[in-house]
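> What shape does this take:
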Amino acid sequence: MWAYTVGFTVLPHVGGFLGWFLNRKEIPAWYEKLKKPSWCPSRRVFPVAWTMLYTGMGYASYLVWSDLGGCSSKAIVPLGLYGAQLLLNWAWPPLFFGARNLSMAVIDVLCLDGLALGTLCSWYRINGLAALLLLPYLGWLALATCLTIRVWKDNPEHKAGKSE
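This is a model prediction of the structure:
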């Protein structure tokens, strides 16, 4: 059973790592030049935060999967919501950093917020600890959403996509 625990816990990191790896050159070349609010976290905070958040949500998904008896019909909605929000989570870096499309990044993060909240609500009925493990993620998403919208508003020349 430990292999499932590790697999579910590691899965969110895969997309997170790929998103970083594929867009890592855009951070110093483009992101640093954007107008950002004073409350924007340091670049060094992001990898630490995402490592903790991905680990928590991955383990939480294992708890839900385990409590529902694996890939059963009862797991379709709660794990489907989780999978959909994870895909939107992974899509944000290529939209924001890769395509430099701030408008699409805003749409992505707003949809992500709704799916992440839906995931938490569906998981609460199944496993309270799993739902609690998502709370830091929702808090970070709130910050990420506010930051994405603020960067979008303060950098109108970058709203539509790559220009450089």
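> For Thr145, give me its contacts.
Applying Cβ atoms under 8 Å, 6 or more residues apart in numbering, we find Thr145 in contact with Val109, Leu110, Asp113. All C-beta spots, glycine's among them, are computed from the backbone N, C-alpha and C.
> quick one: which of those residues is most hemmed in?
Val109 (24 neighbours; other Cβ atoms under 10 Å).
> hmm, back to that, got TSV for the contacts of Thr145, with pLDDT too?
Formatted as TSV, these follow (pLDDT from 0 to 100):
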residue	pLDDT
Val109	98
Leu110	98
Asp113	98
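> of these, closest to Trp65?
The nearest member of these to Trp65, counting by Cβ to Cβ, is Asp113 at 23.1 Å.
> I figured the closest one hits Leu141, correct?
Yes: using Cβ atoms under 8 Å, Asp113 makes contact with Leu141 at a distance of 5.7 Å.
> for the protein, which helix is longest?
helix 128-154 (DSSP state H).
> give the contact list for the residue lying closest to Lys35 once chain neighbours are set aside.
Nearest-residue entry for Lys35: Asp154, 4.3 Å, with adjacent residues in sequence omitted and distances by Cβ to Cβ, 6 or more residues apart in numbering. The contact partners of Asp154, taken as Cβ under 8 Å, 6+ apart, are Leu34, Lys35, Lys36, Pro37.
> show me where pLDDT drops low in this structure?
158-164 (pLDDT under 70).
> element containing the spatially most central residue of it, please.
Geometric centre of the chain, nearest residue: Asn89, 3.4 Å, by Cα atoms, centre = their mean. Counting by DSSP states H and E, the element that carries Asn89 is helix 76-93.
> on contacts alone, who are the packing partners of that helix?
helix 2-23, helix 45-67, helix 102-124 (3 or more Cβ pairs under 8 Å, 6 or more residues apart in numbering; DSSP states H and E).
> Figure out which of those helices is closest to Pro78.
Closest approach to Pro78 among the helices and strands packed on helix 76-93 (Cβ to Cβ): helix 102-124, 4.2 Å.
> what comes up buried for the closest one?
Residues 102, 104-106, 108-109, 112-113, 115-116, 118-120, 122-123 are the ones in helix 102-124 that count as buried (16 or more other Cβ atoms under 10 Å).
> from these, which is closest to Thr5?
Nearest to Thr5 among the buried residues of helix 102-124: Trp123, at 16.5 Å, using Cβ to Cβ.
> ok, so what distance separates the nearest residue to Leu147 once chain neighbours are set aside from Ala84?
Excluding its sequence neighbours, the residue lying closest to Leu147 (Cβ to Cβ, 6+ apart) is Cys40, at 6.0 Å. To Ala84, Cys40 is 28 Å away according to Cβ to Cβ, to the nearest Å.
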